[in-house]
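*Asks:* sequence and predicted structure are below.
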Amino acid sequence: MVKNPSQLIRDFVNTRHIDFGEVVEERFATPAGLGAWLEERGLLRPGERVGAADVDRADELREAIRTLLLGHNEVEVETAPASAVLDKTAERGRIALRFDDCRAELVAGAPGVAGALGRVVIAVQESMADGSFFRLKACRAADCQWAFEDETKNGSRAWCSMRSCGNREKARAYRRRHAH
């Protein structure tokens, strides 16, 4: 069981920070970067091998989850390919249902990065089960797409921040409406 599934998902997606359409931070740019991030969260044991293919799989999973979060924010997306990536990651992570002391939980049986990414998929399932996944969104601004939790009562938050992305989008809409 993941301690705070929504936070893990949000942090995972936000390992790539885009600002004004440019990547300003990429935590998974190298195997060492991916390994460090996974170790910091207790998903990977220190010293476990991380390769270039693991970086590609982590990136693929991150962007699949981002796609689902964009869909939560009324952005038209194709969810079937994203779901297929989660399925493949779950399979590689050897996710299984285990019972212990009259309690059921999903566990990732694969070692290394495959198991670590499997635990991210488990966090997605756990947050779906507790309803918090559907409050996670990716910013509607195409030049941002930062993951955030929509804590508004009616679930209407569209941007990661009104001060930056929200104001930019409102200014663009104003200019479009008032163009001659």
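*Replies:* Now that the structure is in, tell me what you want to look at. Residues are numbered from 1 along each chain as shown.

*Asks:* quick one: the helices in this structure?
*Replies:* 5-13, 31-40, 52-71, 79-92, 112-130, 167-177 (DSSP state H).

*Asks:* among those, which is nearest residue 147?
*Replies:* helix 5-13 (3.9 Å; Cβ to Cβ). (Each C-beta comes from the backbone N, C-alpha and C, glycine too.)

*Asks:* so what does that closest one touch, helix or strand wise?
*Replies:* helix 52-71, helix 112-130, strand 136-138, strand 147-149 (3 or more Cβ pairs under 8 Å, 6 or more residues apart in numbering; DSSP states H and E).

*Asks:* right, and those - which one's nearest residue 13?
*Replies:* Across those, closest to residue 13 is strand 147-149 (Cβ to Cβ), at 3.9 Å.

*Asks:* which residues sit against the closest one?
*Replies:* 6, 9-10, 13-14, 66, 69, 132, 135-139, 157, 160 (Cβ atoms under 8 Å, 6 or more residues apart in numbering).

*Asks:* mind checking how far residue 138 is from residue 87?
*Replies:* Distance, residue 138 to residue 87, by Cβ to Cβ, to the nearest Å: 20 Å.

*Asks:* of the two, who's got more company?
*Replies:* Neighbour count, other Cβ atoms under 10 Å: between residue 138 and residue 87, residue 138 has more, with 25 against 12.

*Asks:* confidence score at that one?
*Replies:* At residue 138, the model reports a pLDDT of 94.

*Asks:* skipping adjacent residues, who's closest to it in space?
*Replies:* Spatial nearest neighbour of residue 138, excluding adjacent residues (Cβ to Cβ, 6 or more residues apart in numbering): residue 69 at 3.9 Å.

*Asks:* which single one of the contacts of strand 147-149 is nearest to residue 44?
*Replies:* Using Cβ to Cβ, those come closest to residue 44 at residue 9, 16.9 Å.

*Asks:* what's the burial count for residue 57?
*Replies:* 20.

*Asks:* does residue 151 really touch residue 132, like I thought?
*Replies:* No. With contact defined as Cβ atoms under 8 Å, residue 151 does not reach residue 132; the gap is 10.6 Å.

*Asks:* which one's more surrounded, the two?
*Replies:* Per other Cβ under 10 Å, whichever of residue 151 and residue 132 has more neighbours is residue 132, with 16 against 8.
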